[in-house]
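In: Predicted model and sequence below, questions to follow.
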Amino acid sequence: MLEGRTIALVEDDEIMGGSLEQRLRLEGARVVWFKGYQRALGGLRTPHRPFDAVICDIRLGDGSGEDLFLKLAETTVPPPFLFMTGQASADQAVRLLRSGAADYLTKPFDMGQLLERLSLLIAPGFEGDGPEFGPSKPARQIDEMIVRLAQAEGPVLILGESGTGKRAAAERLHARSERSAAPFISVDLSRIAGDQHAARLFDQGGAMEQAGQGIVLLERLGEASDAVQAQLLTSIWEAGRDGMRLVATEDNNAHEKLRPDLYFHLSPLTLTIPPLRERPEDALWMMTRMFDGMNRRRDKPLKGISTQAEAIALRHDWRGNGREIRARLAQAMALAQGDMIMPADLFPDMAATSETAFATLAEARDQAERVQIQRALDQCAGSMMAAAKLLGVGRTTLWEKMQKLGIARPDEDVRKPEQGRQ
Ligand SMILES: Nc1ncnc2c1ncn2[C@@H]1O[C@H](COP(=O)(O)OP(=O)(O)OP(=O)(O)O)[C@@H](O)[C@H]1O
């Protein structure tokens with residue numbers, strides 16, 4: 001019944017947790033058991049695999065299940081939560097459901113009841129091929145946006161740095177749309193000489209004709225000349241509702257590279273994919289996912305990626321985004337000497353620097369604090385007062401931490417943009 005599902009169990013009671021774990025496994029689920037608030041917070045924020053659901057006790061020794069859910073909801077879209085409460089008051093029940101939790105059960109309950117509720121909350125709407133872009137809030141929003149774009153009509157513009165997954169998004173859009181049975185034709189304009197663009201797109205047997213009522217993906221559309229862009233605009237008009245649907249990709253400067261009339265025609269349905277350095281938890285998630293796929297194809301599978309390598313991956317800036325992850329992993333898996341991927345396998349170019357040296361606890365804590373403070377400041381549009389509140393510390397403590405960690409005051413960034421981020 002739960003075959004292939006991954007369920008997180010958050011329960012600090014050994015006996016209750018043990019029997020739940022056993023039963024869920026019997027039903028075929030993969031269970032990850034977190035025995036307290038703090039552990040669950042870490043594990044659910046950066047899951048190695050997305051969870052289909054979370055079964056969570058309300059009372060935990062070191063916090064509450066409700067706080068756990070709310071904390072996760074600040075930065076990610078949590079998986080559906082099924083809470084287990086003692087005698088839940090009506091107020092608490094309403095509050096839990098309003099906060100976005102999927103369901104709750106009042107103790108004592110029997111296993112049959114729990115399994116029934118669980119299957120209800122997993123089956124409709126949550127079934128399918130899982131997230132494509134990661135567990136972070138922006139990534140889940142991209143997944144949702146793709147579904148909405150797939151159901152709409154009209155051309156789509158996908159923007160983002162190289163390797164952020166623009167092509168992956170277009171493929172998913174095609175697969176989710178009513179046009180999925182029709183062709184998906186892609187042309188990367190940067191790989192074809194400029195004087196061949198028009199022929200490749202518009203001639204007999206060209207991309208437009210091949211696509212029929214399917215999707216034409218034009219990668220790096222800004223490479224096309226002004227004349228080709230004008231011709232494209234005409235063919236979008238001519239294709240109308242019954243012809244091909246155009247999806248184009250560009251970097252974030254599309255407005256400078258495309259003819260204004262074409263840009264304005266494409267831009268109403270725009271999907272912008274943020275780079276991985278702004279959502280490090282997705283980088284880790286994507287790395288694990290790619291590792292699993294590549295590892296399955298190996299004659300001698302590796303055991304996994306070491307936690308040290310993961311820690312460095314979490315703070316690496318991934319300028320090449322998914323493309324860089326894939327390249328580094330392929331190299332690491334080919335060259336790994338042991339049965340685990342170690343930092344030097346994944347980042348051999350940094351092997352001589354302190355970047356791959358094993359981080360001390362203090363360094364790891366500083367790094368985690370730096371990321372969290374920066375996130376809070378971003379979320380609060382630079383307001384230190386609001387960020388301090390979000391982080392649960394006083395403004396002075398936040399200020400002292402920022403000085404210690406070398407984080408610029410937000411108003412300094414505003415006054416001197418040239419000294420801001422690179
Ligand atoms: N969300 C994602 N899901 C799966 N793979 C991804 C994702 N994002 C990036 N990748 C991987 O990263 C690489 C680049 O992805 P893709 O071609 O979709 O990116 P892109 O934004 O179109 O890149 P470019 O602009 O450089 O062509 C591919 O190997 C792909 O497997």
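Out: Noted; the coordinates are in hand.

In: Close to the ligand: what parts of the chain are there?
Out: 132-133, 160, 162-168, 219, 249, 322-323, 326 (Cβ under 6 Å from any ligand atom). All C-beta atoms are positioned from the backbone trio N, CA, C, and that covers glycine.

In: Of these, which is the nearest to residue 282?
Out: Using Cβ to Cβ, residue 133 comes nearest to residue 282 of the residues of the chain next to the ligand, at 6.5 Å.

In: Disregarding flanking residues, what is the spatial nearest neighbour of the closest residue to the ligand within the stretch 151-300 of the chain?
Out: Nearest residue of the stretch 151-300 of the chain to the ligand (Cβ to the nearest ligand atom) works out as residue 165 at 2.6 Å. Setting aside the residues directly before and after it, residue 165 is nearest to residue 322 in space (Cβ to Cβ, 6 or more residues apart in numbering), at 5.3 Å.

In: helices or strands next to the helix or strand encompassing that neighbour in the packing?
Out: Element membership for residue 322, per DSSP states H and E: helix 321-335. If contacts are counted by 3 or more Cβ pairs under 8 Å, 6 or more residues apart in numbering; DSSP states H and E, helix 321-335 sits against helix 280-296, strand 340-341, helix 343-346.

In: Out of those, which is the most enclosed?
Out: helix 343-346 (a mean of 23; mean count of other Cβ atoms under 10 Å).

In: Packing partners of that one?
Out: Against helix 343-346 (3+ Cβ pairs under 8 Å, 6+ apart) you get helix 307-315, helix 321-335.

In: is it possible to export those helices to TSV including mean neighbour count, distance to residue 234 and mean pLDDT?
Out: Below are the helices and strands packed on helix 343-346 laid out as TSV (neighbours: other Cβ atoms under 10 Å; distance: least, Cβ to Cβ, whole Å; pLDDT from 0 to 100):
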stretch	mean neighbour count	distance to residue 234	mean pLDDT
helix 307-315	18	46	86
helix 321-335	18	34	92
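
In: secondary structure class for residue 164?
Out: Of the three states, residue 164 takes coil under DSSP: H, G, I helix; E, B strand; the rest coil.

In: That one: how many residues sit nearby?
Out: By other Cβ atoms under 10 Å, 26 other residues sit near residue 164.

In: now it, nearest residue through space, not along the chain?
Out: Residue 164's closest residue in space is residue 273 (Cβ to Cβ, 6+ apart), at 4.2 Å.

In: list the contacts for that neighbour?
Out: Residues near residue 273 by Cβ atoms under 8 Å, 6 or more residues apart in numbering: 133, 142, 158, 159, 160, 164, 165, 166, 169.

In: hmm, try it at 10 Å
Out: By Cβ atoms under 10 Å, 6 or more residues apart in numbering, the contact set of residue 273 is 133, 138-139, 142, 145, 158-161, 163-166, 168-169, 249, 252, 279, 321-322.

In: Quick one, which of those residues are buried?
Out: Using 16 or more other Cβ atoms under 10 Å as the burial test, the contacts of residue 273 include 133, 138-139, 142, 145, 158-161, 163-166, 168-169, 249, 279, 321-322 as buried.

In: Quick check: the gap between the most centrally placed residue in the chain and residue 376.
Out: Compute the mean C-alpha point of the chain, and by Cα atoms, centre = their mean the closest residue is residue 134, 2.3 Å away. Computed as Cβ to Cβ, to the nearest Å, the residue 134 to residue 376 distance reads 20 Å.

In: Surely residue 278 touches residue 272?
Out: No: counting by Cβ atoms under 10 Å, residue 278 does not reach residue 272; the two are 11.4 Å apart.
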